[in-house]
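Chemist: Any chance you can model this:
(4 chains)
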Number of protein chains: 2
Amino acid sequence: MLELAILGLLQESPMHGYELRKELTAKLGAIRAAISYGSLYPTLRRLQAAGWITEAAETPATAEEVPALTSRRGRVVYKITAEGKERFAQLIAQAGPETYDDTGFGVHFAFFARTDQATRLRILEGRRRTIEERREGLRDVLGRAAERLDAYTLELQRHGLDACEREVRWLEELIANERSGRAPTVPQPGTAGGRRDNNSPPPPGESRKERP
Amino acid sequence: MLELAILGLLQESPMHGYELRKELTAKLGAIRAAISYGSLYPTLRRLQAAGWITEAAETPATAEEVPALTSRRGRVVYKITAEGKERFAQLIAQAGPETYDDTGFGVHFAFFARTDQATRLRILEGRRRTIEERREGLRDVLGRAAERLDAYTLELQRHGLDACEREVRWLEELIANERSGRAPTVPQPGTAGGRRDNNSPPPPGESRKERP
DNA sequence: CGTGCGATGTATCGGTCCGATACATCGAGA
DNA sequence: TCTCGATGTATCGGACCGATACATCGCACG
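Modeler: Presented below is the predicted three-dimensional model:
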């Protein structure tokens, strides 16, 4: 999941670790707390080893301009490669079961602007099915096993059940919206993309709720 | 977290691994998918090594009664020890930051029937603060950084923000309820507790929502 | 009658990710 | 001047997951 998120973000612009973490937190703040450096740095190393990202020297700056005031600190800027972009496209399109769990879905959704409509629809529907199953499980417990559980546990289940119902409704809206044509996709900044932020086309709808 | 959950469940009755997993799924179904055996078995071993649980031979059954039809399969039943109960009490009472994240809070909440009122209140309030902070973070992003993000990402944030608001309201209700006296606590089955399920006293309130 | 499948049951392995920790620089304010 | 918070890179042990392996049991379907 981290791999997908990093590749996605680096497609918008090259970044160093710290910056990447901040952007990750901003983009995924709704679904996970804050990525740990204990995951981030090893993953960066892994992606680099696989050839999906490369180090881009932090402003070598014509060598003479400001000749190292105190030795120039070591910031490592990463940049996505062509292979990395392919890898991203592959990861974003293929949907396994982990695509539908809370974190997986959230990350995929966060990059919907770079996902084609058919895939968006597929993921939305898969997520809906997953949540519907969770909902049924909770209904079962609240129905058949209620007397075995204490009041607090039951309250927790009710809470969860309600969240499931809300999320299903939210997904229904998104799916309907998706089918009805309004379908934004970012134009893909491409290789020659020098620091251009993308605020993409039409909004998916207007609804609210949940917390994956 | 798993440690706490296992200790809590084994306090209700001895169980073998498979059964434990089922009960865990029923009790925590609202907050986590389903515990993996890859976590469960190693954790059981760890708890046993620490002396908090012991193996209880699966119905040695008077040795002669049904003299091994096909050699008797190997079910391993675990039972909590006195030290284990102490450990549970300690874990349930002490609240670190991990007590307030989604999973941690869920597990603690699920065992509120075995938690004293002061601790319940403390945890509920800590959770509220945590969610309020998350909420503020999302509001910031939706306010100050909105133009940098695409429509789908924004929708995700809105969704998350709404969930935070709902959860805060839910927690407010629970806190008010808790303060106003109605405070259930399970009588603690004790050492000599042979398979008695606990359906504990008064309900914490009646509300709905969320999904940690 | 068998035979195969789904539930029950225990267990390990590699991999992802987290939390704590360490260490260094920089600018702003006491 | 000195400290503090933000910036910045990095590692280590541990928790937990997903895949996989393997064995037994009962029952439904051919």
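Chemist: Would you map the strands across chain A?
Modeler: A:15-16, A:53-57, A:76-80 (DSSP state E).
Chemist: Lowest average confidence across these, which one?
Modeler: Mean pLDDT values for those show the minimum at strand A:53-57, a mean of 87.
Chemist: Skipping its backbone neighbours, what lies nearest A:L9 in space?
Modeler: Nearest residue to A:L9, sequence neighbours excluded (Cβ to Cβ, 6 or more residues apart in numbering or on different chains): A:E23, at 5.4 Å. Bear in mind the C-beta positions are built from the backbone N, C-alpha and C, glycine included.
Chemist: I'd like to know how many residues surround A:D101.
Modeler: Neighbour count for A:D101, taken as other Cβ atoms under 10 Å in any protein chain shown: 14.
Chemist: gap between it and chain B?
Modeler: 7 Å (Cβ to the nearest Cβ, to the nearest Å).
Chemist: among the helices and strands of chain A, which one scores worst on average pLDDT?
Modeler: strand A:53-57 (a mean of 87; mean pLDDT, DSSP states H and E).
Chemist: where's that one relative to the chain centroid, distance-wise?
Modeler: 22 Å (Cα atoms, centre = their mean, to the nearest Å).
Chemist: Look up how far DNA strand C lies from the residue nearest to A:L9.
Modeler: 15 Å (Cβ to the nearest atom of the strand, to the nearest Å).
Chemist: Looking at that residue now. What's its pLDDT?
Modeler: Looking at A:E23, the pLDDT reads 95.
Chemist: just A:F88 next, same as before
Modeler: Value listed for A:F88 in the pLDDT field: 97.
Chemist: Identify the residues contacting the nearest residue to it once chain neighbours are set aside.
Modeler: Of all residues not flanking A:F88 in the chain, A:L7 sits nearest, at 4.1 Å (Cβ to Cβ, 6+ apart). Going by Cβ atoms under 8 Å, 6 or more residues apart in numbering or on different chains, A:L7 touches A:47, A:52-53, A:80, A:84-85, A:87-88, A:91.
Chemist: distance of A:L7 from A:T103?
Modeler: 16 Å (Cβ to Cβ, to the nearest Å).
Chemist: go on, A:A118?
Modeler: Counting by Cβ to Cβ - A:A118 and A:T103 are separated by 23 Å.
Chemist: ok, those two, which is more surrounded?
Modeler: A:T103 (15 against 11).
Chemist: My read is that the more buried one contacts A:M1, right?
Modeler: Yes: between A:T103 and A:M1 there is a contact under Cβ atoms under 8 Å: 5.7 Å.
Chemist: So the closest residue to DNA strand C within chain A versus A:L2, what's the distance?
Modeler: Closest approach of chain A to DNA strand C (Cβ to the nearest atom of the strand) occurs at A:G38, with a separation of 1.7 Å. Counting by Cβ to Cβ, the separation of A:G38 from A:L2 is 11 Å.
Chemist: List the residues that contact the most centrally placed residue in chain A.
Modeler: Taking Cα atoms, centre = their mean, the centroid of chain A lies closest to A:V107, which sits 2.1 Å from it. By Cβ under 8 Å, 6+ apart, the contact set of A:V107 is A:1, A:4-5, A:28, A:31.
Chemist: Repeat the analysis, applying 6 Å as the threshold.
Modeler: A:1, A:4-5 (Cβ atoms under 6 Å, 6 or more residues apart in numbering or on different chains).
Chemist: burial of A:G96, as a residue count?
Modeler: Close neighbours of A:G96, defined as other Cβ under 10 Å, add up to 8.
Chemist: Same check on A:A89?
Modeler: So A:A89, with other Cβ under 10 Å, has 16 neighbours.
Chemist: if we can go back for a sec, quick one: the residue nearest to A:F88 and chain B, what's the gap?
Modeler: Distance from A:L7 to chain B, by Cβ to the nearest Cβ: 16 Å.
Chemist: low pLDDT regions in chain A?
Modeler: Counting by pLDDT under 70, chain A has low-confidence residues at A:57-73, A:182-212.
Chemist: can you give me the helices for it?
Modeler: Along chain A, the stretches classed as helices by DSSP state H are A:2-10, A:17-28, A:37-49, A:82-93, A:102-110, A:117-144, A:151-179.
Chemist: Dump the ones you listed to TSV, plus distance to B:Y18.
Modeler: Shown next, in TSV, are the helices of chain A (distance: least, Cβ to Cβ, whole Å):
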stretch	distance to B:Y18
helix A:2-10	32
helix A:17-28	35
helix A:37-49	32
helix A:82-93	34
helix A:102-110	25
helix A:117-144	18
helix A:151-179	21
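Chemist: before we move on, the earlier item: compare A:G38 and A:L2 (neighbour count), which wins?
Modeler: A count of neighbours by other Cβ under 10 Å puts A:L2 above the other of A:G38 and A:L2, at 20 against 8.
Chemist: and the closest residue to that one other than its chain neighbours, how many neighbours?
Modeler: Sequence neighbours aside, A:T43 is the residue nearest to A:L2 in space, at 5.0 Å (criterion: Cβ to Cβ, 6+ apart). The tally of other residues near A:T43 (other Cβ under 10 Å) stands at 18.
Chemist: I'd like the distance between A:T43 and DNA strand D.
Modeler: On the measure of Cβ to the nearest atom of the strand, A:T43 and DNA strand D end up 10 Å apart.
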